[in-house]
Each structure stands twice: as structure tokens, then as C-alpha cells.
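Undergrad: the sequence and its predicted three-dimensional model are supplied below.
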Amino acid sequence: MAIIKTENLSHIYSEGTPFVKTAIDNINLEIEEGEMVGVIGHTGSGKSTLIQHFNGLLQPTSGKIYIDGEDMWADKAKLRDIRFKVGLVFQYPEYQLFEETCYKDIAFGPKNMGLSEEEVDKRVREAAAFVNLSEEQLMKSPFELSGGQKRRVAIAGVLAMKPKVLILDEPTAGLDPKGRDRILGQIKEYHQEEGNTVLIVSHSMEDVAKFAKKVLVMNRSKVFMYDTVDAVFARAKEIAEIGLAVPQITQIFAELKKRGYDVNPNVYTIEAAKAELIRLLEEGGDIRA
Amino acid sequence: MLKDITIGQFFPGDSFIHKMDPRMKIIATLLYIIMLFVASHPLSLIVGILLLVLLYQVSGIPLKMVTKSLKPVVPVILFTSVLNIFFVSGEALFKFFFITITKEGLTLAILMSLRILCLIAGSSLLTYTTSPIELTDAIERLLNPLKKFKVPVHELSMMMTIALRFIPTLIEETDKIINAQKARGADMESGGLMQRAKALVPILIPLFVSSFRRADELAMAMECRCYRGGDGRTRMKQLKYGHRDWIALAVMVLCIAAVLLLNHILG
């Protein structure tokens, strides 16, 4: 069963004023449980609006959302439970930290869930371990940490709620390449261990190729594509038409193929590219087909 | 929800009033207020009311906005009217037990109510037709003579400009933080007063922190561009009085004269 399902979901901002804007338009989606999905699209394509619907921060103007088969807006009293089920990490989440210590900040979510003190403690430590925060750092004020560390504390604050669906809005924005890989690696590890559903909004096709199984491409308030990474990147031309690009390495391999080399064009990461090139060279001789 | 708050209530347009020099608009508003208080008879206030109707017609501000701006002062008007009607002594019109309503009281009540209504509607016109930036610019220029007395006029107006500029940014930021804490299960809608006050902490602290961060960044950016106060600073938009402004001034002066004349005739 799909964990998130939307039916004709639309959202219009400032209806009835001169500033009216359709942010998402008639979205029909089914996201299966346990998937890792990359969400890609231009600024203003409706990505952020869409994901804020998934945990009930925005109410649809029309259409329905089902989480785990339940209509989200059928019973408003249950909305808070949905927010524990669907954890949302905002852009620049470090700006939401407020407690005296990182430990207390990570405990904010689990405490709101009404868990026992032992359970809260257990979850905080687990979440901290996932994002590689040391015991010493846990007892520090979040304002003493570096930018990347703060971000990891904020992500841990959502992980500690153990949501069935984890949504991250550009978790790597403004980080250096090392910090970026670190956070994406930790999220992937978490996904593999917990088997939960993860959605990551990103601008970088390279990042999406690295971690996601499926890609959701948004364009002009609509779902442009929702398919596996292979299927989406195979339509490189259409993606280029809406002003997005497949990873550079994929472009190179497509060009190689065009020039008559016997390569597999479905290569999205540097690692895969390396393996493919070594294979070709080891087969030896004339690599031209 | 927070996005719906508008501050300054500026209504863009290109009417005669919109195009006036903001300095003259402020002066004209002050003259209008003086006129309201000079008028000592309800009938001479009619000049003020007529002028107001005319100005709103010219500016193209929807009538709905006027009623909206007047709503909050209704309690004040009721309160002063009651005081005036019952507690001003003079020629009795109506007697009931210890309550006496006098002619003078009634007149004063009407006069005061009309005055307050005109005052609010008139000064609202200023903010409806002038953008906040223009307004602070004009205030700075009008207060310029005070520099001789070491009043930091430029700095004050700069502070006003920055404050106005950052209101929408802060509203957006607050919205974001509220959403982020809600996503972590923060409950802001239920509970008693104490609980609700406590629920504000996760919002206020990040908001304070980010305000300080923004202030820091802004100060740095200003310094990088060699900002060093008002001395010798030129402006992109030069304020200049045009024939429009002199017409407006003439209209205001004539109206005050008319009020004085009416006062004299009506005694």
C-alpha cells in the first residue's frame, strides 16, 4: 500500500486577492513505503508547497491526501499524530534550534509525543549516534557548534521522533562538499537501517543520482515525471527542455555512446563511471564498437 | 496567516495625491489637523468633511479602506461622546432624574466625534498614498533643521527605514519557525495561559537569534560599502516641490481661511 497518496491535490495561495498564485496543481501521486525518493525542480516549481502538505502544515485548497491509507484532513484532532508519522526537516533547520543544550533540543520532538523519559533518552542518543554527535557535543549549547554540526543536531531532532516518512527540504544547502556527503551518507544509512520512506528535496541531480531509487520531477506546479532514476535520466532531453540537467557524468557517457563507444549510457555516479570504464579497458583491444 | 498582516497600508497608485512630494503631504496633513481643531462649530467642520471626501475621490483609495481604518476608533468616539453629552453643563434640553442633557454637551459631542473621525481618516490618507520609504525620506528632510541642535536626524530615519524594511522579512521568518516547530509536534493552540506562554519560547528564541544575525550581517554589508552616516550623502531620489505641491498648499490655506470665516459668521 502506498504510504503517501494524493488525489487531485491543488493549493492556491492568496485566493481572492490580486496576488493569487497556484502553487501546486492537480497532483496525483503514490509513494510506496520504504522508498527513497529525490524531489527535483526549479525554485517556485511547487516542491516546498507539496512537501508541506504531506505533514499537514498546509491544507489543500482542493483534493485529498492519504497517509497510510487514512484521509489526513478527515479528523483535525489527529493532525498532530500525522506530524509524528511524517517528519519534516525544513531548509536551514539550524535556525529552529532554541534549547540550552543539543540534548534538550533533540528531545523536544519525542517529548511532545508524550514518551516516557527513558524512551526519550534512548531516542535522543540513537538519533545523535546516527548523525555522529559525540556525548560532549550533546551537552553543549547548539549555538557553540559549527554550521554543519548545528544542521546535524536539527536533523537528529526530527530523526528522534522515528517518523515512518522522513522528508528533508534541501538538507545540504549551504554546506561544503564534505559536509554535504556526510549528511547524505548518514541519511542513507538511517534509511537502510530503519527501512522507512525518505523524500529529499534537492537541486543537485548528482546528489539525487547518488542516493535515490526514484525521482520526482516537479515543473510549473505539476508533476513532470515520477519514475525510477534510470527511467527519468533516460529522458534527458525532456529534462533539459524544462531547464534541468541530468548529471554531468551521464551526459559524458551519452556522448561517448553517440560517438560509437560500447558503453552503458545509464551511468549517474563517478563510481559507476569508473567501474564501467575499467570494464571497457579490461575487455581490451579496440573499445570502439 | 501571518502573511496577511500589512504594515504601512500603502496603496500604490498614480493619482494627484500619490504624485505629490511626500514632504508637502506631511505638511498638508498637519495643516488639515490644525484646521480640524480651529473649527469651533460643527458646521464649520463641514469644510473638513467635504475636503476629505474630495481627497479620497482624487486618490482612488477604495471606500472600504476608510471604514477599515475608522473601526478601531469607534470605542474612543463612543466614550468621549458619552462623557460630553452627560457631563457638560449648560442649557438643559432634556431632564430625567439626575441625568441632564445639555445643548452645549450635545454640540460638543458631535464636534469631537467628527473631529476624531476626520483626524483618523485624514492621516490614514497620508499612509495610504505614501510608501514607507518615501515617508521616512520626507521626515528626514523636514527634520533637517534640527541637525543644528545635534539631533541625529539621519540616523533616526535610517533606523526607521531599516525597521520598516525588515518587517516582512521577520514575518516570513516567524512563519517558517512556527512551521518548523509544529513539524516537531509543538502545540500552540491548546492549554492554559502559562502553557501557551511556554509554547512561545521555541519560536521567540530562534527569532531573536536570527534577528541578531541579520543585524550583524546588515551592519557588515553597510560597512563594506563604506556607509558612514548622512554627511555628504547623495540620494537616488531627489525630493522636489512641483506645481502640484503649491496647489495643494494653496487649497489647504484656503480651507483654513474658510473655516475661520465660518467660525466668525456662526459665532
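TA: Ah, there it is.

Undergrad: give me the neighbour count for the residue of the stretch 101-250 of chain A found nearest chain B.
TA: Shortest the stretch 101-250 of chain A-to-chain B distance, computed as C-beta to the nearest C-beta: residue-wise this is A:Asn112, at 3.3 Å. For every residue, glycine as well, the C-beta is placed using N, CA and C. Residue crowding around A:Asn112 was assessed by other C-beta atoms under 10 Å in any protein chain shown; the count is 19.

Undergrad: which residues of chain B fall in helices?
TA: Counting by DSSP state H, chain B has helices at residues B:16-19, B:22-38, B:45-59, B:63-70, B:74-87, B:103-129, B:132-143, B:153-183, B:193-224, B:243-266.

Undergrad: next, format those as TSV and append distance to chain A and mean pLDDT.
TA: Listed next are these as TSV, based on distance: least, C-beta to the nearest C-beta, whole Å; pLDDT from 0 to 100:
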stretch	distance to chain A	mean pLDDT
helix B:16-19	17	90
helix B:22-38	24	93
helix B:45-59	18	90
helix B:63-70	13	80
helix B:74-87	26	86
helix B:103-129	16	88
helix B:132-143	19	88
helix B:153-183	4	88
helix B:193-224	4	91
helix B:243-266	28	91
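
Undergrad: and of those helices, who's closest to A:Lys188?
TA: Using C-beta to C-beta as the criterion, the shortest distance between A:Lys188 and the helices of chain B is 21.6 Å, found for helix B:153-183.

Undergrad: tell me the pLDDT at the residue of the stretch 151-267 of chain B found nearest chain A?
TA: Nearest to chain A in the stretch 151-267 of chain B, going by C-beta to the nearest C-beta, is B:Gly185, at a distance of 3.3 Å. At B:Gly185, the pLDDT value in this model is 85.

Undergrad: once you drop chain neighbours, what's closest to the most centrally placed residue in chain A?
TA: Centroid-nearest residue in chain A, with C-alpha atoms, centre = their mean: A:Ile200, separated by 0.7 Å. Counting by C-beta to C-beta, 6 or more residues apart in numbering or on different chains, A:Leu168 is the residue found nearest to A:Ile200 once chain neighbours are left out, at 4.9 Å.

Undergrad: quick check: which element contains the one you found?
TA: The secondary structure element spanning A:Leu168 is strand A:165-169 (assigned by DSSP states H and E).

Undergrad: contacts for that strand?
TA: A:3-4, A:31, A:47-48, A:51, A:54-55, A:67, A:85-91, A:155, A:158-159, A:187, A:190-191, A:196-201 (C-beta atoms under 8 Å, 6 or more residues apart in numbering or on different chains).

Undergrad: and the next element down the chain from that strand?
TA: With elements assigned by DSSP H and E, the helix or strand that comes after strand A:165-169 is helix A:177-194.

Undergrad: ok so, going back, burial count for the residue nearest to A:Ile200?
TA: Number of residues near A:Leu168 (other C-beta under 10 Å) recorded here: 24.

Undergrad: list the buried ones in the helix or strand where A:Ile155 lies?
TA: Assessed by DSSP H and E, A:Ile155 sits inside helix A:147-159. Of all the residues in helix A:147-159, those buried under the rule 16 or more other C-beta atoms under 10 Å in any protein chain shown are A:148-159.

Undergrad: grab the nearest non-local neighbour of A:Asn8.
TA: Closest to A:Asn8 by C-beta to C-beta, 6+ apart is A:Gly63, at 4.1 Å.

Undergrad: equivalent analysis for A:Glu194, please.
TA: Residue nearest to A:Glu194 in three dimensions, not counting chain neighbours: A:Lys162, with 7.4 Å by C-beta to C-beta, 6+ apart.

Undergrad: pull the number of nearby residues for that neighbour.
TA: 19.

Undergrad: before we move on, what SS does it have?
TA: Look at A:Lys162: counting by DSSP: H, G, I helix; E, B strand; the rest coil, its state is coil.

Undergrad: could I get the phi/psi values of the closest residue to A:Glu189 other than its chain neighbours?
TA: In space, and not counting its chain neighbours, A:Glu189 is closest to A:Phe130: 7.1 Å by C-beta to C-beta, 6+ apart. As for A:Phe130, its main-chain torsions (degrees, to the nearest 10) stand at phi -60, psi -40.

Undergrad: just checking, A:Phe130 touches A:Gly157?
TA: No. Applying C-beta atoms under 8 Å, one finds A:Phe130 not in contact with A:Gly157, separated by 11.7 Å.

Undergrad: per-residue pLDDT, B:Lys3?
TA: 46.

Undergrad: ignore what I typed, I meant A:Ala23.
TA: Here the pLDDT value assigned to A:Ala23 is 89.

Undergrad: so how many other residues sit close to it?
TA: A:Ala23 has 20 neighbouring residues, counting by other C-beta under 10 Å.

Undergrad: anything in the helix or strand hosting it near chain B?
TA: A:Ala23 is part of strand A:21-32 when elements are defined by DSSP H and E. No. With C-beta under 8 Å from any C-beta of the partner chain as the threshold, strand A:21-32 lies outside contact range of chain B, at a closest distance of 11.9 Å.

Undergrad: for residue 34, give me its contacts.
TA: Picked chain A for this. A:195-197.

Undergrad: switch to chain B, that's the one I care about
TA: Applying C-beta under 8 Å, 6+ apart, the residues contacting B:Ile34 are B:Ile256.

Undergrad: alright, I will stop here.
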